[in-house]
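# A structural model of the following input is requested.
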Amino acid sequence: MRTLAEVGLFLIALLVALYVARDVIVPLMFALMLYFLLRSSVRLLGRLRLPRAVAGAVVLLGVVLLLGFAVFELSTPAANWAERLPVAVRQLEFKSRVFKAPVEKASRIADKVEQFAEIGRNGAVPQVAIVKPGLFDALLESTFALLGQLLITLIAAYFLLLDGDTLLGRFFRLLPDMGERERAASVINQVERRMGQYLRTVTVINLALGLCLGAALQLLGMPNPWLWAGMASILNYVPYLGPAVGMVVVALASFVSFDSASSAIFPPLSYLALTSVEGNILTPLVLGRTFRISPLVVFVWLAFWAWLWSIPGAILAVPMLMLINIVCEQSPTLALLSRLIRG
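Have a look, this model is predicted:
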């Protein structure tokens, strides 16, 4: 019982630490994923006689330029949709007035019940007004926080690409037994190779999904098709929840953009068809059984990290689970845990 209590207290302390330090841990986790994703590119440039410091800077700069170009290209349609948002909300309210009547009736009944409940109360209940910061201040604060975390991610990823292999070599030399050193080196190399393979494969699949969706939406006459395609590529890193959210957003945008329901239904159906093919056929076929994880484990793990770290936790959940699974596969004592994860 004492051991269980100590383990429970340790887990509670760990959860509190992960939540309190999320502004530092989350960028470091993204940096680790970038290290796994870009390590092979840095090594390739190293074989071309390019110094490792320069190779890491070139690879990271290329990633930043690509992301910056995508953000710049998509910022204009995103801003246009932000400006259209009040009009779009009114259009949605007008078009959904048929479905609002039962809800409004139930709301009126609830108001009457509340009025009856207030009869007989002595005196008025004092109200406390909470002054919230303005929208501009909140947006500015969020922007600065996001830029700070992005800077931490890029700097940490650069140092990992620059000195990650050397640090691992120093770690191996701390082990007293030569056999243990070789075993640890083999495990780390397997983890790096397979995590890099997994992240690169998933990234290529998500980009292909975005390209196919953008082309389909453009053929269907959907406004700003590549904005929704970029959104779909990012959301697809979050299993189950990401495609569902993306399909709902595309359905709402399509419902606002098209006058007839027969035309508005095709964009979300295209989204559903493409994500179904990707999730049920393409991804299992490309990744194979070695990267397959039980859907129940993925769902519970995703829900936990989304609760703890919000959207960044949802994005990082599956790569972290895959990393744990690969490490467990390489250890005889943790092989049972790997079998439980894979189902």
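
# what about the spatially closest residue to Leu38 that is not a sequence neighbour, neighbour count?
Ranked by Cβ to Cβ, 6 or more residues apart in numbering and with sequence neighbours excluded, the top spatial neighbour of Leu38 is Val59, at 5.1 Å. For the C-beta atoms, the positions are set from N, CA and C on the backbone; glycine is no exception. Other residues within reach of Val59, judged by other Cβ atoms under 10 Å, total 22.

# Val249 too?
Other residues within reach of Val249, judged by other Cβ under 10 Å, total 16.

# And Val256, by the same measure?
The local packing count at Val256 equals 19, with neighbours defined by other Cβ under 10 Å.

# ok so, going back, got the contact list for the residue nearest to Leu38?
When contacts are counted by Cβ atoms under 8 Å, 6 or more residues apart in numbering, Val59 touches 38, 41-42, 45, 161.

# tell me which residues of stretch 203-218 are tucked away?
205-206, 209-210, 212-214, 216-217 (16 or more other Cβ atoms under 10 Å).

# Now render the residues you listed as a markdown table, adding distance to Ala229.
Supplementary listing: the buried residues of stretch 203-218 in a markdown table, determined by distance: Cβ to Cβ, whole Å:
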| residue | distance to Ala229 |
| --- | --- |
| Ile205 | 14 |
| Asn206 | 10 |
| Leu209 | 8 |
| Gly210 | 4 |
| Cys212 | 8 |
| Leu213 | 5 |
| Gly214 | 3 |
| Ala216 | 9 |
| Leu217 | 7 |
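
# Now go through those residues and say which are in strands.
In this view, the buried residues of stretch 203-218 have no member that belongs to strands under DSSP state E.

# hmm, which two among the residues you listed are most spread apart?
Ile205 and Leu217 (18.5 Å; Cβ to Cβ).

# Look up which helix or strand the residue nearest to Leu38 falls in, please.
Secondary structure assignment for Val59, by DSSP states H and E: helix 52-95.

# Next, the contact list for the residue nearest to Ala57 when sequence neighbours are not counted, please.
Distances taken as Cβ to Cβ, 6+ apart place Tyr158 nearest to Ala57, at 6.8 Å, with adjacent residues excluded. Tyr158 makes contact with 56-57, 60 under the criterion Cβ under 8 Å, 6+ apart.
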